[in-house]
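Participant: This is a predicted model, with the sequence first.
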Amino acid sequence: MKKRVLVVEDEEKLRRILELQLLDAGFDVVKAGSGEEALPLIDRADLVLTDFKLPKMTGLEMLQIIRRADSRVPVILMTAFGTVENAVEAMKSGAADFLLKPFSLDMLVTVVNKALEIRTLRDENRQLKEELGRKYRWDNIVGRSPQMQEIFATVMRVAPSRATVLLAGESGVGKDLIARAIHFHSPRKDRPFVKINCTALPENLMESELFGYEKGAFTGANTSKPGKFEQADSGTVMLDEIGDVPPAIQVKLLRVLQEREFERLGSNRTQHIDVRVIAATNRDLRMALEDGTFREDLFYRLNVVPIDIPPLRERREDIAYLAHHFVEKLAPETGSTAHGITDAAIEKLIQYSWPGNVRELENVIERSLVLAAGGKLDANDIRLDLNLRRRPATSEIGLPEGMSLDAFEQELIKKALDQASGNKSQAARILGLTRNALRYRLTQMGIES
C-alpha cells in the first residue's frame, strides 16, 4: 500500500509543488493550508510534512499537540527561518527531521523515505517487544501446582525491586523462563535482557566476554569491544550455570555485585553500571562451597532471593496442563492434524519420571505430534526416550573389597580420563561433574589440571 503524506503549507503554489513531487515518488498525498485544518487529518497520515511558520498555529505547536496525543506519526518541519535553537527545540519535541528552505525536491524525497523507514523499524521493534511480553506472561509459564504458584507469587514480589535472584533447579525445569518473567514484570522491561551461558564461554575468553576489552589488550584485539555487562547496562543480566565460573572470574563478579563497577581488559578506567543480576544453577552451590570451587562471599551476594524450581516429577499435577499447552502451541508449528490429547496419553506421561523435566516433555510432545496420524494424541502416539534412560541394575550397593571411598573415587576419575583419552572436559561429562569440580579433585589427587 502507498504511504500517505500530509503536507501542511499555507503557500498554495509551494503546496502544489510538494504534492506533485511526492505523487511522482509514489506517495499518496493529503493537503492542508493550516495547523487547524491539518489536525483532523493526522490519524489518516503515515507522515506529516509541515511548514514551521503557519498562520495562528506554528508547525512546532502542531508537532507538540501530536506528541501529547501519543501519536507515532513522524513529523518533518520545513522553514526558511531556521536557527540552531529552532532545530534543537524541534528535535527535542520529537521531530523526525528539520529541512531548511530552499531544499532540492530529491532531498525532500530522501528525507521522507528515511523517516518512514525509521517508523517501520520502530513499529517492528515495538511489535517484537509486545510478542516477547506475551511469551513470558504467566499463561505461557504453565504451573498450577502449589510449588509453582508459590514461585509465581515470589516472582511478582521480587520483580519490582533490583534484588539479586538465585534460581536453582535441574536442567530443563524452566529457569530461563522464570528469569525472563522477572525481567518483563520489572521496571527494566524495556531495557536489555542479556543471558550469559557461563559453560559456553572458554575460561581464557570469559573475562573479555563479560567485561569487554580495549584495543591492543591481547593479540587480535584490533578494536575495543564492550562486554556483556556493558550491553546490559540499565537492564538485566542472567548468569546461567553460575556454578561453572572459574575462581578468577568469581572475584570480578563479586566486585560487580558489590560496587557496580569493573574495568575492561587492558584498561585502567573504571566503569560504573546499573544492572540487575539473576543467577541460575543446576548444581548444589553449597556442595561447591565445601569443595572450595565456589566463593562463599559470592554465594551470599547471589543468594539474596533464592528460588528453587522443583523438577517435574515432584509436581506431576502440572504434567496434564503442560501437555495440553504444548499440543496447542506446537500443533500449528509442526503441521500436525492433532488438536488434542487423550486421557490415556496423559496417564502415560504422568507415569514417566521426566529426567529432562519440562524441556524433555516439550520435545516428546513435538515428536509425538510429528509422527501421529489421528486427530488426538493417544497413548500409542507418545514416544518416550525409555532406552536412553535405562541403567544397568545392580544387586547390591557397596565398595570393592579392601578399597576406601577416596580410592574408589580416584579410580573412577582415572578410568574416565582413560576413556576420554585425557580430555578433561569429556571426562567431567562422563562423571557428571563440572570442569571446575573435576579440576579440584585432580588437584587433590596431585594430578596437574
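Facilitator: Thanks, I have the structure now. Not measured: the values here are computed from a predicted model.
Participant: Tell me if I am right that Leu167 is in a helix.
Facilitator: No. If the criterion is DSSP: H, G, I helix; E, B strand; the rest coil, then Leu167 is strand and not within a helix.
Participant: I'd like to know the average pLDDT value across the longest helix seen in the chain.
Facilitator: Ranked by residue count, the top helix of the chain under DSSP state H comes out as helix 105-135. Averaging pLDDT along helix 105-135 gives 82.
Participant: so what's the nearest residue to Asp284 once chain neighbours are set aside up against?
Facilitator: Excluding its sequence neighbours, the residue lying closest to Asp284 (C-beta to C-beta, 6 or more residues apart in numbering) is Ala168, at 7.9 Å. The C-beta positions use only the backbone N, C-alpha and C, and glycine is treated the same way. For Ala168, the contact set (C-beta atoms under 8 Å, 6 or more residues apart in numbering) comprises 280-282, 284-285, 306-309.
Participant: By pLDDT, rank the residues you listed and give me the bottom one.
Facilitator: pLDDT across the contacts of Ala168 is lowest for Asp284, at 83.
Participant: what's the burial count for it?
Facilitator: Here the count is done by other C-beta atoms under 10 Å, and Asp284 has 11 residues near it.
Participant: Relative to Thr199, how far out is it?
Facilitator: Using C-beta to C-beta, to the nearest Å, Asp284 is found at 16 Å from Thr199.
Participant: Same question for the longest helix of the chain: list its buried residues.
Facilitator: Within helix 105-135, the residues scored as buried using 16 or more other C-beta atoms under 10 Å are 108-109, 111-112, 115-116, 119.
Participant: With stretch 58-66 instead?
Facilitator: Quick answer for stretch 58-66 (16+ other C-beta under 10 Å): 58-60, 62-64, 66.
Participant: Pull the distance from stretch 293-309 to the chain's centre.
Facilitator: Offset of stretch 293-309 from its chain centre (C-alpha atoms, centre = their mean, to the nearest Å): 22 Å.
Participant: Now for the spatially most central residue of the chain: which residues touch it?
Facilitator: By C-alpha atoms, centre = their mean, the chain has its centre lying nearest to Phe193, at 4.7 Å. By C-beta under 8 Å, 6+ apart, Phe193 lies in contact with 180, 183-184, 232, 235-236, 238.
Participant: Show me the two of these that sit farthest apart.
Facilitator: Farthest-apart pair in the contacts of Phe193 is Phe184 and Ala232; separation 14.6 Å (C-beta to C-beta).
Participant: So for those two, which sits in the more crowded spot?
Facilitator: Each of Phe184 and Ala232 has its neighbours counted (other C-beta under 10 Å); Ala232 has more, 24 against 20.
Participant: ok, back up a step: mind giving me CSV with the buried residues of helix 105-135 and columns for distance to Gly26?
Facilitator: Listed next are the buried residues of helix 105-135 as CSV, based on distance: C-beta to C-beta, whole Å:
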residue, distance to Gly26
Leu108, 13
Val109, 9
Val111, 15
Val112, 11
Ala115, 15
Leu116, 11
Arg119, 16
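Participant: So of those, which two are at opposite extremes in space?
Facilitator: Pairwise over the buried residues of helix 105-135, using C-beta to C-beta, the maximum falls at Leu108 and Arg119, 16.8 Å.
Participant: re earlier: kindly reformat the buried residues of stretch 58-66 as a markdown table and extend each row with secondary structure.
Facilitator: Converted to a markdown table, the buried residues of stretch 58-66 look like this (three-state DSSP):
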| residue | secondary structure |
| --- | --- |
| Thr58 | coil |
| Gly59 | helix |
| Leu60 | helix |
| Met62 | helix |
| Leu63 | helix |
| Gln64 | helix |
| Ile66 | helix |
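Participant: related to what we said a few turns ago, what separates the residue nearest to the centre of the chain from Asp418, distance-wise?
Facilitator: With the distance defined as C-beta to C-beta, Phe193 ends up 43 Å from Asp418.
Participant: Please name the nearest non-neighbouring residue to Ile273.
Facilitator: Per C-beta to C-beta, 6+ apart, closest to Ile273 is Asp233, 4.8 Å.
Participant: Next, that neighbour: secondary structure please.
Facilitator: coil.
Participant: Hmm, it is touching Phe262, no?
Facilitator: No. Applying C-beta atoms under 8 Å, one finds Asp233 not in contact with Phe262, separated by 11.3 Å.
Participant: Now for the two: what residues contact both?
Facilitator: Counting by C-beta under 8 Å, 6+ apart, the contacts common to Asp233 and Phe262 are Ile273.
Participant: Compare the two and say which is more crowded by neighbours.
Facilitator: For Asp233 versus Phe262, the count of surrounding residues by other C-beta under 10 Å is larger for Phe262: 22 against 16.
Participant: Figure out the helix or strand that that one lives in.
Facilitator: strand 261-263 (DSSP states H and E).
Participant: for that strand, packing partners?
Facilitator: Helices and strands touching strand 261-263, by 3 or more C-beta pairs under 8 Å, 6 or more residues apart in numbering; DSSP states H and E, are helix 247-259, strand 270-272.
Participant: Tell me which residues are up against that strand.
Facilitator: 211, 229, 252, 255-256, 269-273.
Participant: quick revisit: which pair in the buried residues of stretch 58-66 has the greatest spatial separation?
Facilitator: Using C-beta to C-beta, the pair of the buried residues of stretch 58-66 lying farthest apart is Thr58 and Ile66, separated by 12.7 Å.
Participant: Downstream of the helix or strand bottoming out on mean pLDDT in the chain, the next helix or strand is which one?
Facilitator: Across the helices and strands of the chain, mean pLDDT, DSSP states H and E gives its lowest value to helix 386-389, namely a mean of 54. Next helix or strand after helix 386-389 toward the C-terminus (DSSP H and E): helix 405-419.
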